[in-house]
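[1] Kindly generate the corresponding structure for this input.
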Amino acid sequence: MSGSEVSSRSYSRFSGQQDYALQRRKRSRRKHILLGVLIALAVMLVAGVAGAWAYVNNLNNTLSSGLGTDFASVLTETASASDPYYVLVMGTDGREGETAFRSDTIMLVRVDPQSKAVSIVSIPRDTRVVLGDYGYQKINAAHAYGGATYAVQAVEDLTGVKISHYVEINFEGFSAAVDAIGGVTVDVPKAIDDDDAGGVVDAGTQVLDGTKALIFCRSRDFTNGDYQRQIDQQIFMKALAKQLLNSDVASLTSAINAMAGYVTTDMTVTDIISAASSLRGMDTDSIVTVDAQTWTTTQTISGISYVIADTDKLSTIMEAIDSGQDPSDTTSTSNTSSTTTTVTPSDYTVSVLNGSGISGCAASASTKITSAGFVVESTGNASSFSYSTTLVVYNSSSQKAAAEQLVSDLGVGTAVLNNSQYTFSGDMCVIVGQDWKA
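    As a prediction, this is how the structure comes out:
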């Protein structure tokens, strides 16, 4: 099954979550006696001795409100508390009273308690996937069609990993939650002046209150648009982790209490404090973040702007993360292995399409491709001129090395495995994007 496609298991609009009912299983909760004592002491400070346990139970119910009794069946429980696990973090644009809404922010977080290591992969909300009977959709539509259940399924099928926990926060509550913990200290890399996001945030290290934090995490007013927003969100996540992991148990419990009304999660108070305690002392600067620009391109299809995942690159990234590595450390090894494969250019025919609207670019690209030894079969125009990045599309894994060689010969572009959305004659197709310079 393609990593960019959601499983063909169909979901109806009204029964997306019920289809998982047959998978119900009891999830064992991790029990840490010492941790339980610490939690008891913390909640006694907050709620008083008599109401401590009632308080915790009420808080747990608030945190899980809206997930449904069968939601746990889609999550994968780890064998032990020390095993690595994945958390899906969603920022949604839902408003009070709405029951169906899209996810605006999607992050897959791997936590390794034993190594005290965390990795964050941002998934662009416009990533093109197949959502069962709904066909090709942007991945952020999964939440609208089937809630948290379907969102988890969509991300699992895209990335190939199993998710153990889910955290969702709506943006209306995000600002209040940040204020509730006293703001977050962030080193803002680029100044923001964006009325659509809510205002201005200066560059530099500063304590962001709820309003400023929301502007920082929502603004797309950059030359690289949503990609910069994803980078900023990762910066904020690292800063938030640093602040929370430096809190004592009582302060952490109070923070959970303040944020409970704005966060939906399967995790209990015990789970959250256990996770934080297991990571206490970690170097938050070592948190690994993955830039989505390393495994995606943008494309307009039938008038709709999509982010297209390079499933081979994403698979390599996820394999590295799943084994506890920083994907950037494997880049040189990966590149070396692919370029040592013997490629005979004359064995491959190439179609060349102008996807940028730049006059003459297909012809100049054809000249360069022929000079590299490949056989140009045809030239023409792509279905649109909105390709920002030059693509070298290939049909099978056996052609990957040749496609990467062609990218190297062109000096620009990205090799992309065809997921049935491109139709062309020949072995490969070069779609010349706006990054082309003759």
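[2] hey, let's count contacts and neighbours off CA atoms from now on
    Will do.
[3] list the buried ones in the longest helix along the chain?
    Criterion DSSP state H: the longest helix present in the chain is helix 225-245. Neighbour counts over helix 225-245 (16 or more other Cα atoms under 10 Å) mark 226-240, 242-245 as buried.
[4] hmm, who's touching that helix?
    Residues outside helix 225-245 that contact it (Cα atoms under 8 Å, 6 or more residues apart in numbering) are 120, 122, 124, 184-188, 216-220, 222, 252, 276-277, 279-281, 284-285, 287, 289, 291-293.
[5] Centre of the chain to that helix, how far?
    Relative to its chain's centre, helix 225-245 lies at 12 Å (Cα atoms, centre = their mean, to the nearest Å).
[6] Let me see the mean pLDDT of it.
    The average pLDDT for helix 225-245 rounds to 88.
[7] Off-centre distance for the helix or strand following that helix?
    Next in sequence after helix 225-245, counting helices and strands by DSSP states H and E, comes helix 249-259. The chain centre lies 27 Å from the centre of helix 249-259; the measure is Cα atoms, centre = their mean.
[8] If we go by neighbour counts, what in helix 249-259 is buried?
    Residues of helix 249-259 classed as buried by neighbour count (16+ other Cα under 10 Å): V249, A250, L252, T253, S254, A255, I256, N257, A258, M259.
[9] Let's test this: mean pLDDT of that helix, rounded?
    72.
[10] try stretch 178-192
    Stretch 178-192 carries an average pLDDT of 90.
[11] Residues touching it, excluding its own?
    Contacts to stretch 178-192, defined as Cα under 8 Å, 6+ apart, come from residues 199-210, 213, 216, 219, 221, 232, 235-236, 239-240, 243, 255, 258-259.
[12] could I get stretch 201-209 in CSV with only the CA atoms?
    Taking C-alpha atoms only, stretch 201-209 is exported to CSV below (Å, rounded to 0.1, in the frame of the first residue of the first chain):
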residue,chain,number,x,y,z
VAL,A,201,5.5,39.6,16.5
ASP,A,202,9.0,41.0,16.6
ALA,A,203,12.0,38.8,15.9
GLY,A,204,14.2,37.7,18.8
THR,A,205,13.9,35.9,22.1
GLN,A,206,10.9,36.9,24.1
VAL,A,207,8.0,35.6,26.3
LEU,A,208,5.0,35.1,24.0
ASP,A,209,1.6,35.5,25.7
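[13] in that stretch, what's buried?
    Burial within stretch 201-209, assessed by neighbour count using 16+ other Cα under 10 Å, is assigned to V201, L208, D209.
[14] Turn those residues into TSV, including distance to N381, secondary structure and pLDDT.
    Formatted as TSV, the buried residues of stretch 201-209 follow (distance: Cα to Cα, whole Å; DSSP: H, G, I helix; E, B strand; the rest coil; pLDDT from 0 to 100):
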residue	distance to N381	secondary structure	pLDDT
V201	42	strand	95
L208	48	strand	95
D209	49	coil	94
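[15] Between the residues you listed, which sits nearest V416?
    The closest of the buried residues of stretch 201-209 to V416 turns out to be V201 (Cα to Cα; 36.9 Å).
[16] For the biggest strand by length in the chain, the averaged confidence score.
    Using DSSP state E to define each element, the chain has its longest strand at strand 103-112. Averaging pLDDT along strand 103-112 yields 89.
[17] elements contacting it?
    Packed against strand 103-112 by the contact rule (3 or more Cα pairs under 8 Å, 6 or more residues apart in numbering; DSSP states H and E) you find strand 85-92, strand 117-122, helix 141-159.
[18] mind redoing it with 7 Å?
    If you count contacts as 3 or more Cα pairs under 7 Å, 6 or more residues apart in numbering; DSSP states H and E, strand 103-112 packs onto strand 85-92, strand 117-122.
[19] So for Y166, which of these sits nearest?
    For the helices and strands packed on strand 103-112, the distance to Y166 is smallest for strand 85-92, at 4.9 Å, taking Cα to Cα.
[20] what's the angle from the closest one to helix 141-159?
    150 degrees (axes from the mean of the first three to the mean of the last three Cα atoms, to 10 degrees).
[21] Sheet-wise, list the partners of strand 85-92 with their directions.
    strand 103-112 (antiparallel), strand 165-170 (parallel) (DSSP bridges).
[22] can you list those in TSV and add mean neighbour count?
    As requested, the strands paired with strand 85-92 are arranged in TSV below (neighbours: other Cα atoms under 10 Å):
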stretch	mean neighbour count
strand 103-112	22
strand 165-170	21
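[23] between the buried residues of stretch 201-209, which is nearest T344?
    For the buried residues of stretch 201-209, the nearest to T344 is V201 (52.9 Å; Cα to Cα).
[24] which residues of the stretch 51-200 of the chain score low on pLDDT?
    Along the stretch 51-200 of the chain, segments meeting pLDDT under 70 span 51-56, 93-102, 172.
[25] who are the neighbours in contact with K368?
    L410 (Cα atoms under 7 Å, 6 or more residues apart in numbering).
[26] can you rerun that using 10 Å?
    K368 makes contacts with A362, F374, V376, L406, D409, L410, G411, A438, as judged by Cα atoms under 10 Å, 6 or more residues apart in numbering.
[27] Restrict those to the buried ones and give me that as a PyMOL selection.
    Only the buried entries of the contacts of K368 go into this PyMOL selection, using 16+ other Cα under 10 Å:
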select buried, resi 362+374+376+406+410
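[28] Of the contacts of K368, which belong to helices?
    Among the contacts of K368, the members found in helices (DSSP H) are A362, L406, D409, L410.
[29] Could you report the neighbour count for T69?
    As a burial measure, T69 scores 11 neighbours (other Cα atoms under 10 Å).
[30] quick one, phi/psi of it?
    Dihedral pair for T69: phi -70, psi -20, per degrees, to the nearest 10.
[31] Compute the first-to-last residue distance for stretch 241-259.
    From its first residue to its last, stretch 241-259 covers 15 Å (Cα to Cα, to the nearest Å).
[32] Could you pull out the helices in the protein for me?
    Under the criterion DSSP H, helices of the chain are mapped to 33-47, 52-64, 141-159, 171-180, 210-218, 225-245, 249-259, 269-279, 311-322, 331-339, 361-371, 400-410.
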